[in-house]
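[1] kindly return the folded structure for what I paste below:
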Amino acid sequence: MLRSSIVVTFITLLGSALGFIVQLILAHRFGAGTDVDTYLFAISWPTFVAGMVSAFLSYVAIPELVSRERNADIQRDYFMTSLAVIGGFSILILIAGIGLGSLQLASLPADSVIREHPARNSLVRLGWLICASQIVQAYLLSTLHARRRHISSATLGLLPYVGMICLTATLSSQIGVTSIALGMLLGSVAAALLAGACLRGQFTDNAPRRWLWRDVRTLFATAPYAAVALSCFSIYAVVDAYWAPRAGEGVLASLGYAQRLIIAIGNLAVAGPSAILVPRITDLARHGDPAALRSFLRKTVLIVAAAATVFALPLAVLPDLLVRLMFARGNFNAHDVANVASTLAHMTPGMVCMLISVISLRALFCLPGAEKVAAVLGAAWGVLYFAASALWMHGGATGLANAYSVAWMMICAAMVTILFKKAGGDAHGRATASV
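    Modelled structure (predicted):
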């Protein structure tokens, strides 16, 4: 178990490194202008949908699969039934993407330069193909985790990055920014196919003896709460895609580079606590000891806040130096450096609060009956960010970065307050009832 944890942690860090390499290649080949604006706009809506569904599968669906592992036949039947449902859902998403893609393009302001980009339509179509493939990939990789194939799952999760790096490095001169989207699609499809091949040997029979439609329907009835709760970690792409083109050319690109740096570096701050502390929170919640639970939660939040602050300080204090060292080459010019650096510096307060919210939301999911309040918090962040972006969009990328930070500060305060309230009151209620 310890060896697997260490290896998976290393692979996760490798994934962050590969994601960073993708950003370096993107910056070198295309800078921070219209090409990157168009690419990020095209994948914004599909990324949001895929992110919500994938997070739901990780948080909710896979524990259901694990709970059936005592009976191999039932687990196999449940897996095959849920895979059929998810596969069907992905096909529906792909079909709906035709209409959603048109709506997505219609959301652009009339004077947006993205409307004139020659690859805009093909990139949007590729975006919805990526969405459908990533949903299936997410379920299969999560199932590998459920079957204790942690290293295989983590390794296959690197393939989309590998695809983006290889195709952008080799085809960008021929097909432009489309190469990175095509690389992501091929990597996601390859990961799904190889995961499916790995799972063939994990079940006693490929064909289910019976379809467990009722069980799967019950599971997906709870999906809206989990999906809305987790939307706060992916809806920023949709909000940025709406307001950034209205704020000016290159604004979406600057936000994109800054966001991806924050996510890559933020993973270093929360990867350990997520893997180590959350199981302990689950145990304390089950034992019904509110004092011990609150004490542990207090330490957890402080640890994550301290780690997040340590990682955020260089981004806030030396953003120009960091961005220049990382990106200032090829088509990424001094103007791009200044814009991304300013955006990054103004997003760092939001980064700290976002990372605290990540661990707080995970802890909230450990407490029974917290789904509805988690959904309200997740939806509230999207509303706050959209409203704040409307107020500050005239400040360009820096203004939208301020909106990002303000929204996370408000939701973080609310999330931590509610977490401790439920950990004290609800745990105390459960303990009293058990007596």
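[2] now the one helix or strand Val22 maps to: average pLDDT?
    Per DSSP states H and E, Val22 falls inside helix 2-30. In this model, helix 2-30 has an average pLDDT of 80.
[3] packing partners for that helix?
    With contacts taken as 3 or more Cβ pairs under 8 Å, 6 or more residues apart in numbering; DSSP states H and E, helix 2-30 sits against helix 34-56, helix 150-156, helix 159-175, helix 178-200, helix 251-287, helix 319-327. Where you see a C-beta, it was placed from the backbone N, CA and C, and this is true even at glycine.
[4] reformat those helices as TSV; add mean pLDDT and mean neighbour count.
    TSV is the format used below for the helices and strands packed on helix 2-30 (pLDDT from 0 to 100; neighbours: other Cβ atoms under 10 Å):
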stretch	mean pLDDT	mean neighbour count
helix 34-56	89	24
helix 150-156	87	19
helix 159-175	93	18
helix 178-200	93	21
helix 251-287	78	20
helix 319-327	89	18
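[5] how far away from the center of its chain is the helix or strand harbouring Thr218?
    Per DSSP H and E, Thr218 falls inside helix 213-221. A distance of 24 Å separates the centroid of the chain from that of helix 213-221, by Cα atoms, centre = their mean, to the nearest Å.
[6] after it comes which helix or strand?
    Heading C-terminal from helix 213-221, the first helix or strand you meet, by DSSP H and E, is helix 223-230.
[7] hang on, the earlier thing: now the angle from the helix holding Thr218 to helix 34-56?
    Angle of helix 213-221 versus helix 34-56, following axes from the mean of the first three to the mean of the last three Cα atoms, to 10 degrees, is 130 degrees.
[8] tabulate the CA atom coordinates of helix 213-221 in PDB.
    What follows is helix 213-221 as a C-alpha-only set of coordinates in PDB (Å, rounded to 0.1, in the frame of the first residue of the first chain):
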ATOM      1  CA  TRP A 213     -30.800  -0.800 -14.000                       C
ATOM      2  CA  ARG A 214     -32.500   0.000 -10.700                       C
ATOM      3  CA  ASP A 215     -29.300   0.200  -8.700                       C
ATOM      4  CA  VAL A 216     -27.700   2.400 -11.400                       C
ATOM      5  CA  ARG A 217     -30.800   4.600 -11.600                       C
ATOM      6  CA  THR A 218     -30.700   5.100  -7.900                       C
ATOM      7  CA  LEU A 219     -27.100   6.200  -8.100                       C
ATOM      8  CA  PHE A 220     -27.600   8.700 -10.800                       C
ATOM      9  CA  ALA A 221     -30.600  10.200  -9.000                       C
END
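[9] and that helix, what does it pack onto?
    Where contact means 3+ Cβ pairs under 8 Å, 6+ apart, helix 213-221 is packed against helix 72-106.
[10] okay, buried residues for the helix it packs on please.
    Within helix 72-106, the residues that count as buried by 16 or more other Cβ atoms under 10 Å are 74-83, 85-86, 89-90, 93-94, 97, 100-101, 104-105.
[11] chain center to stretch 40-49, what's the gap?
    Here stretch 40-49 is found 12 Å from its chain centre; the criterion is Cα atoms, centre = their mean.
[12] list the contacts of the residue nearest to Thr47 when sequence neighbours are not counted.
    Distances taken as Cβ to Cβ, 6 or more residues apart in numbering place Ala237 nearest to Thr47, at 4.9 Å, with adjacent residues excluded. By Cβ atoms under 8 Å, 6 or more residues apart in numbering, the contact set of Ala237 is Leu40, Ile43, Ser44, Trp45, Thr47, Phe48, Gly51.
[13] which residue sits closest to the fourth one, ignoring its sequence neighbours?
    Spelled out, that is Trp45. Leaving aside its sequence neighbours, Trp45 sits nearest to Gln104 (Cβ to Cβ, 6+ apart; 5.0 Å).
[14] measure Leu105 to Phe41 for me?
    Using Cβ to Cβ, to the nearest Å, Leu105 is found at 9 Å from Phe41.
[15] need the overlap of contacts for the two.
    Arg120.
[16] tell me the pLDDT at Leu384?
    96.
[17] give the closest residue to it in space, chain neighbours not counted.
    With Cβ to Cβ, 6+ apart as the criterion, Leu384 has its nearest non-adjacent residue at 4.2 Å, and that residue is Ala407.
[18] right, and that neighbour touches Met354 too?
    No - between Ala407 and Met354 there is no contact under Cβ atoms under 8 Å: 9.4 Å.
[19] map the structural domains onto the sequence of this structure.
    Per the record, the chain has its domains at 1-221, 229-435, by automatic domain parsing.
[20] what residues are up against the residue nearest to Leu384?
    Ala407 is in contact with Gly350, Trp381, Leu384, Tyr385, Ala388, counting by Cβ under 8 Å, 6+ apart.
[21] next, format the helices and strands packed on helix 2-30 as JSON lines and append distance to Ser231.
    Below are the helices and strands packed on helix 2-30 laid out as JSON lines (distance: least, Cβ to Cβ, whole Å):
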{"stretch": "helix 34-56", "distance to Ser231": "5"}
{"stretch": "helix 150-156", "distance to Ser231": "24"}
{"stretch": "helix 159-175", "distance to Ser231": "21"}
{"stretch": "helix 178-200", "distance to Ser231": "21"}
{"stretch": "helix 251-287", "distance to Ser231": "16"}
{"stretch": "helix 319-327", "distance to Ser231": "28"}
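[22] where's the residue nearest to Thr47 relative to Val216, distance?
    Ala237 is 29 Å from Val216, by Cβ to Cβ.
[23] Val238 now?
    Val238 is 28 Å from Val216, by Cβ to Cβ.
[24] how about Gly382: what's its closest non-neighbour residue?
    Counting by Cβ to Cβ, 6+ apart, the residue nearest Gly382 is Ile235, at 4.3 Å.
[25] how far away is the one you found from Trp45?
    10 Å.
[26] do Arg76 as well
    As defined by Cβ to Cβ, Arg76 lies at a distance of 35 Å from Trp45.
[27] could you do Leu65 as well?
    Leu65 is 29 Å from Trp45, by Cβ to Cβ.
[28] what do you get for Met409?
    Met409 is 26 Å from Trp45, by Cβ to Cβ.
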